[in-house]
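Undergrad: sharing a model prediction with you, sequence too.
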Amino acid sequence: MKQFASIAPFTFIDLFAGIGGFRLAMENLGGQCLFSSEWDKYCQKTYQENFCEIPYGDLTSQEVKNSIPENFDILCAGFPCQAFSIAGRKLGFEDARGTLFFELALILKKHRPLGFILENVKGLAHHDKGKTLKVILNTLREDLGYDVPHPKIINAKNFGLPQNRERIFIVGFRKDLNVSYFEYPSPISEEKQITIQDILEEKEVSVKYYLSTQYIKVLENHKNYHQSKGNGFGYNILSPDDIAGALVLGGMGRERNLIIDKRLTNFTPVTRIKGEVNKQGIRRLTPREYARLQGFPDDFKIVVSDTQAYKQFANSVPVPVVEAVGNKVIQKLSRTKVVA
């Protein structure tokens, strides 16, 4: 799903790397990854199979931080969202201590890359009544000396993916570069919106992805209960021309994006289920379909259990969105003659 031509060679590091969504996007733009860090052993396995290297582990470890190369152009990170202690009301570097963002701040302070691209959940914008984002921006701007335009919430559905996934992006440029006004990417124009139909498996999938009659009853009762309380939560069956809701973990996340697929020919269960396999064709999306919803190519290897694969793709960045943001960042750096 490559949308942009390589602008210029550049180097980057991939922190809180997950399974490499940032890396795929930045390599598509001509970048060279010099270092990666991810503590989850299952993500490390997927990363190794696809990039032929094992990411370093816990970024809070001084040994890991000492392994980061001295020079690189761009820091990339999809960092976890955590509340900060603001007892001192400095709303900056000191208030970020003890958080994983603070580890990024230390790396930026030591290595002074040309710029950075950070990604997080949409809720970061209002997390802890906006204090969390305020600490992050003050740290980046005032304490670390980066020009940071106002963050932007970007929806994957506007960048060629049939998924309603909003994420906040924060980019920054070292102040001495005097980077002028930065504009985040605009939605791409397409003749038609890509839909669920466009990312479905081409062949019949295993019966294990089809729901049992008993489980469907549980879902129906659960939805009816919440509706009686005035809540909108419940399972959802998509039509072929729909787009998926954001991939999430827990809370029956996989049941929010069910589809009807009547291609099943063998209804004999391959896992322990209560009741029979439903005859309506109701099934979950497969891990490969999850991968496609995040913009991963079909040659991306899935080498872990379905449970881990769902988790990995649901936690990943949408690759085309990162590529669009990265493209804008590299364009801006190229014009300053610092990336060539």
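TA: Yes, it's here.
Undergrad: and for the residue lying closest to Ile54 once chain neighbours are set aside, the neighbour number?
TA: In space, and not counting its chain neighbours, Ile54 is closest to Gln48: 4.8 Å by Cβ to Cβ, 6 or more residues apart in numbering. No exception for glycine: its C-beta is placed from N, CA and C like everyone else's. Number of residues near Gln48 (other Cβ atoms under 10 Å) recorded here: 15.
Undergrad: mind jotting down where the strands sit in the stretch 151-300 of the chain?
TA: Applying DSSP state E, counting those that start in this stretch to the stretch 151-300 of the chain gives strands spanning 152-155, 163-164, 166-174, 237-238, 244-245, 258-260, 282-283.
Undergrad: could I get these in CSV, plus columns for mean pLDDT, distance to Pro69 and mean neighbour count?
TA: Below are those laid out as CSV (pLDDT from 0 to 100; distance: least, Cβ to Cβ, whole Å; neighbours: other Cβ atoms under 10 Å):
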stretch, mean pLDDT, distance to Pro69, mean neighbour count
strand 152-155, 97, 29, 17
strand 163-164, 96, 34, 18
strand 166-174, 96, 17, 22
strand 237-238, 94, 44, 18
strand 244-245, 95, 38, 19
strand 258-260, 96, 45, 18
strand 282-283, 97, 46, 23
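Undergrad: right, so of those strands, which gets closest to His222?
TA: When these are compared by Cβ to Cβ, strand 258-260 sits nearest His222, at 13.3 Å.
Undergrad: tell me what the closest one is packed against?
TA: Judged by 3 or more Cβ pairs under 8 Å, 6 or more residues apart in numbering; DSSP states H and E, the packing partners of strand 258-260 are strand 237-238, strand 282-283.
Undergrad: any chance of those in a markdown table, with distance to Ser36 too?
TA: Listed next are the helices and strands packed on strand 258-260 as a markdown table, based on distance: least, Cβ to Cβ, whole Å:
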| stretch | distance to Ser36 |
| --- | --- |
| strand 237-238 | 34 |
| strand 282-283 | 34 |
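Undergrad: how about Asp147, what does it touch?
TA: By Cβ atoms under 8 Å, 6 or more residues apart in numbering, the residues touching Asp147 are Arg141, Gly172, Phe173, Arg174, Lys175, Leu177, Val179, Phe182.
Undergrad: need the max-distance pair from the residues you listed.
TA: Arg141 and Leu177 (14.3 Å).
Undergrad: and the chain, what are its domains?
TA: The chain breaks down by automatic domain parsing into domains covering 10-192+313-335, 202-285.
Undergrad: deepest in the core, which of these is it.
TA: By mean neighbour count, with neighbours taken as mean count of other Cβ atoms under 10 Å, domain 10-192+313-335 ranks first of the domains of the chain at a mean of 19.
Undergrad: in this structure, where is pLDDT below threshold?
TA: Applying pLDDT under 70 to the chain flags residues 1-8, 82-98, 232-233, 250-252, 337-340.
Undergrad: now the helices for it?
TA: 21-28, 41-51, 62-66, 100-111, 131-138, 213-228, 287-293, 306-315, 319-335 (DSSP state H).
Undergrad: now do the contacts for the nearest residue to Arg292 once chain neighbours are set aside.
TA: Leaving aside its chain neighbours, Arg292 sits nearest to Ile199 (3.9 Å; criterion: Cβ to Cβ, 6+ apart). Ile199 makes contact with Pro162, Glu289, Arg292, Leu293, according to Cβ under 8 Å, 6+ apart.
Undergrad: of those, just the buried ones, ChimeraX syntax please.
TA: Filtering the contacts of Ile199 down to the buried ones (16 or more other Cβ atoms under 10 Å) takes a single ChimeraX command:
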select :162,289,292,293
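Undergrad: now, among the contacts of Ile199, which is nearest to Lys129?
TA: Using Cβ to Cβ, the contacts of Ile199 come closest to Lys129 at Leu293, 31.8 Å.
Undergrad: surely the closest one touches Leu161?
TA: Yes - with contact defined as Cβ atoms under 8 Å, Leu293 reaches Leu161; the gap is 6.2 Å.
Undergrad: mind checking which of the strands of the stretch 151-300 of the chain is nearest Leu15?
TA: Closest to Leu15 of the strands of the stretch 151-300 of the chain, according to Cβ to Cβ: strand 166-174, at 13.6 Å.
Undergrad: now the closest one - C-alpha only, CSV.
TA: Extracted in CSV, the C-alpha atoms of strand 166-174 (Å, rounded to 0.1, in the frame of the first residue of the first chain):
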residue,chain,number,x,y,z
GLU,A,166,-8.6,8.0,15.4
ARG,A,167,-5.1,8.5,16.7
ILE,A,168,-3.2,11.6,17.9
PHE,A,169,0.1,12.4,16.2
ILE,A,170,2.8,14.7,17.6
VAL,A,171,5.7,15.8,15.5
GLY,A,172,8.6,18.1,16.3
PHE,A,173,11.7,19.6,14.8
ARG,A,174,14.9,20.7,16.5
